[in-house]
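Colleague: what's the 3D shape of this:
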Amino acid sequence: MKVLISDNLSEVGVKVFEEAPGIGVDVKVGLSEDELVEVIGGYEGLVVRSATKVSSRVIEAAGRLKVIGRAGVGLDNIDVEAASRRGVVVMNVPGGNSLSAAEHTIALMMALSRNIAQADASMKEGKWEKKRFQGRELCGKTLGIIGAGRIGRIVADRAKGLKMEVVVYDPYINVEVLERLGLEPVSLDELLSRSDYVSIHVPKSDETVGMIGEEEMRKMKGGAMLINCARGGIVDEDALYRVLKEGHLGGAALDVFSTEPPGKIPLMELPNFICTPHLGASTREAQENVARQIAEQMVDYLLH
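Modeller: Numbers count the residues shown, from 1 in each chain. As a prediction, the model looks like this:
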C-alpha cells in the first residue's frame, strides 16, 4: 500500500509511515488539482494539511483511496460528502494543536492590550512614544468565549489564571457540563454586551460563516476587542473595518481570513488592527503532534 503526503508534514509523521510494514510513502508538496488528479489513483492513503484542496474531482479519480488524513482540525479543504459516497474514511486530529492555538489567542489578546506590534514598529522607526501606546490590563476584565470545545476551554483556563472573568456561549454543550467546568454559560447577546474581549473558537460551517457581522459587533461594548484564531469567514471583515475605523471597537486581531493569503486588505491600514498569517497551530510541538497522530491513525486503519 502507498500513502501520498501532499502538504508539508513534520518528519516525525513521515517516519511513522516509513517504518510501518507494507506501507510506502511519497512526499509531493505543491501539486495543483490537475497534478493531484493525475497521480492520486496510485495511492491508498492521502495526507494533507490546509493547502491541498481535496475536491470531489480528486476523490473521483482516486480509485484505490481508502483514507484521507488531515494533519490538523478543520476539514473545510476536504469534500467529506464526496469521500463518504466513495467509502473513503476522512480522519483528523482535533487535539494535536489545541494548546498552540489557545496560547496564540492569549498572545494576540495581550498584544492588542499593550499595543505590542504598533510600539515595536514605532521604535524601529527611531521613535519613543510612551504616551501614545498606553495600554490596558487584562486583570479584572471579562473575556467572552464563543465555542467551548478543546481550544476554548484552554483559553478559558489561561484567562482565569490572568484573573479575568470568563463567560462562554456554546449552544451545543449542555449547561450543566459547562458549569461543572467552572464556566458561566450565557446567550450570544449577553456575551457580546458584557465582554471586554471576545474570542472565537468555533469550526467553519454554513452556520458559522458570517456569524460575527456588523450587527453583532455593534452589540459589543464600546472599546471592546475582538480576536479570531479559529477560521476565516466567521468574522465579516468588511464590517470589522467599518466598526474599527469609526472607533466603536477598541481593537481586533485576526490570525485567519476569509481568503488566505488575504493580500493588502483595508483592515491592514488601521492602527487598532493586528494580524498574523494563520499561526495558531504553527509551533514545532503542535506540528510534530499532529503529524505523529495522523500517521499513526492512518497506519492503524490501513493495516488493521
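
Colleague: Geometrically speaking, which residue is the centre of this structure?
Modeller: Geometric centre of the chain, nearest residue: Ala230, 3.4 Å, by Cα atoms, centre = their mean.

Colleague: pLDDT wise, what is it at?
Modeller: Per-residue confidence (pLDDT) for Ala230: 95.

Colleague: That one: helix or strand, and which one exactly?
Modeller: Under the criterion DSSP states H and E, no helix or strand holds Ala230.

Colleague: which residue packs closest to it, ignoring adjacent ones?
Modeller: Nearest in space to Ala230, with sequence neighbours left out and distances taken as Cβ to Cβ, 6 or more residues apart in numbering, is Ile200 at 4.8 Å. The way it works is simple: take the backbone N, C-alpha and C, and place the C-beta from them, glycine included.

Colleague: Compute the number of surrounding residues for the one you found.
Modeller: Close neighbours of Ile200, defined as other Cβ atoms under 10 Å, add up to 24.

Colleague: Report the beta-bridge partners for it.
Modeller: For Ile200, the beta-bridge partners are Ile146, Asn228 (DSSP bridges).

Colleague: Leaving out the residues flanking it, which one is nearest to Gly96?
Modeller: Excluding the flanking residues, the one nearest Gly96 by Cβ to Cβ, 6+ apart is Val290, at 3.6 Å.

Colleague: re the thing from before, ok, the residue nearest to Ala230 to Ser98 distance?
Modeller: 15 Å (Cβ to Cβ, to the nearest Å).

Colleague: sorry, back to before: and the residue nearest to Gly96, helix, strand or coil?
Modeller: Under the three-state scheme (DSSP: H, G, I helix; E, B strand; the rest coil), Val290 adopts helix.

Colleague: thought it was touching Gly72?
Modeller: Yes: judged on Cβ atoms under 8 Å, Val290 makes contact with Gly72 at a distance of 5.6 Å.

Colleague: Any chance you could list residues touching both of the two?
Modeller: Taking Cβ atoms under 8 Å, 6 or more residues apart in numbering as the criterion, Val290 and Gly72 both touch 93, 96-97, 281.

Colleague: Flag whichever of those residues scores worst on pLDDT.
Modeller: Among those, Gly96 carries the lowest pLDDT, at 83.

Colleague: which residues touch it?
Modeller: By Cβ under 8 Å, 6+ apart, the neighbours of Gly96 are 71-73, 286, 289-290, 293-294.

Colleague: do Val202 as well
Modeller: The contact partners of Val202, by Cβ under 8 Å, 6+ apart, come to 146-147, 149, 208, 211, 230-231, 234.

Colleague: what two of those residues are the furthest from one another?
Modeller: The distance between the two most remote of the contacts of Val202 (Cβ to Cβ) is 14.9 Å, for Gly149 and Met211.

Colleague: For Val48, which non-adjacent residue is closest in space?
Modeller: Closest residue to Val48 apart from its sequence neighbours, by Cβ to Cβ, 6+ apart: Asp7 at 5.1 Å.
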